[in-house]
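**Q** I need the structure of the sequence given here:
(one chain, ligands or ions: 2)
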Amino acid sequence: MVDVEEVVDTARYPLREPGSARWERVVAGVRRRLRHDGCSVLTGFVRPSWYDALRREGAAIAAHAHDRTEIVNAYNLATDRPLPDGHPGRITMERGNAFVARDHVPADALIQRLYTSPLVQRFVAGCAGLPMVHMLADPLAGLCLNVVAPGKAHPWHFDTNELAVSILTRAADRGGTFEYCPDIRSPEDENLATVRDVLLGRRDDLVRRLPLQPGDLQLFRGRFSLHRVTTVEGTTARHAAIFAYSERPGVVGSVARTRQLFGRVLPEHLASSGRAMRGDWLLD
Ligand SMILES: O=C(O)CCC(=O)C(=O)O
Ligand SMILES: [Fe+2]
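**A** Ligands and ions are numbered 1, 2, ... in the order given. Modelled structure (predicted):
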């Protein structure tokens, strides 16, 4: 099995040297960008010689994606839930992306090796300013491949977890751009009027666009930053591996959300009955 230190560009991202000057410089830079922009992209995290393998491995499992186009809102609230006039949760969108669950990702796949690597976890924790991060105890949601097929989009939304870690493994020919509004809400303030304006396309000034390349590692505060992947154009599906980590061990997704994302649940979900990930009272 391949060693993560061969896969990650350790000359730029010194996984094995916590506390060294190089580590401190890299990690401090990531933290600063996370604080200022809600997002930090570690370009070329995976060495270019592995890009083909990333692409091939994604293509081999993409058929397992649970693709059922849904009508959603940015908060993942039930669309029949009554909300006041003008509430951004009343704006509905088509969610056309589809997730391949972790149990369809082979144990020796590069994204599985990276997700489970203690070296990567220690590095991510350093970047996030946490003592450590844990893989989810969720056998489906811990690691997934987000597949956005041509003609589809992953519409504006907030994430349930505070920090998202992802690697683009296959870019679209055109479109499929990651767009976000840094820290548009906070635990104290939903900022509903501004969110509504973004959803209606009236606040392009707040929208940032990321020129992600395959092999880039993205850290993103998706709980507070509204974000989307724009419609994929051309003939190539866009693939991104999503690494879900939590501060607490043992996190498992709720039955309802798991069924929505993956079309099925496992005994672990039924047993945990929703030790969910959120630590605040924001919508979604
Ligand atoms: O595929 C991406 O780059 C973003 C995915 C995302 O926002 C999510 O899974 O919540
Ligand atoms: Fe997201």
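**Q** Quick check: residues of the stretch 151-284 of the chain near ligand 1?
**A** 154, 159, 166, 178, 222, 227, 229, 240, 242 (C-beta under 6 Å from any ligand atom). For the C-beta atoms, the positions are set from N, CA and C on the backbone; glycine is no exception.
**Q** out of these, which are inside strands?
**A** 154, 166, 178, 227, 229, 240, 242 (DSSP state E).
**Q** quick one on the thing from earlier: just checking: which of the residues of the stretch 151-284 of the chain next to ligand 1 also lie near ligand 2?
**A** Counting by C-beta under 5 Å from the ion, 159, 222 from those sit close to ligand 2.
**Q** Among the residues of the stretch 151-284 of the chain next to ligand 1, name the buried ones.
**A** 154, 159, 166, 178, 222, 227, 229, 240, 242 (16 or more other C-beta atoms under 10 Å).
**Q** for those residues, which one is nearest Trp23?
**A** Of all these, the one sitting nearest Trp23 is Ser166; the distance, using C-beta to C-beta, is 21.8 Å.
**Q** distance of the closest one from Thr43?
**A** Note on Ser166: its distance to Thr43, by C-beta to C-beta, to the nearest Å, is 14 Å.
**Q** circling back to that earlier point, next, format the ones in strands among the residues of the stretch 151-284 of the chain next to ligand 1 as CSV and append pLDDT.
**A** Converted to CSV, these look like this (pLDDT from 0 to 100):
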residue, pLDDT
His154, 97
Ser166, 97
Phe178, 98
His227, 98
Val229, 98
Ala240, 98
Ile242, 97
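**Q** does Pro150 count as helix, strand or coil?
**A** Reduced to three states with DSSP: H, G, I helix; E, B strand; the rest coil, the structure at Pro150 is coil.
**Q** how about the nearest residue to it, chain neighbours excluded?
**A** Nearest non-adjacent residue to Pro150, counting by C-beta to C-beta, 6 or more residues apart in numbering: Val232, 5.1 Å away.
**Q** which residues does the one you found contact?
**A** 148-153, 172, 174-176, 238 (C-beta atoms under 8 Å, 6 or more residues apart in numbering).
**Q** Val72 now?
**A** Residues in contact with Val72, defined by C-beta under 8 Å, 6+ apart, are 79, 92-95, 155, 157.
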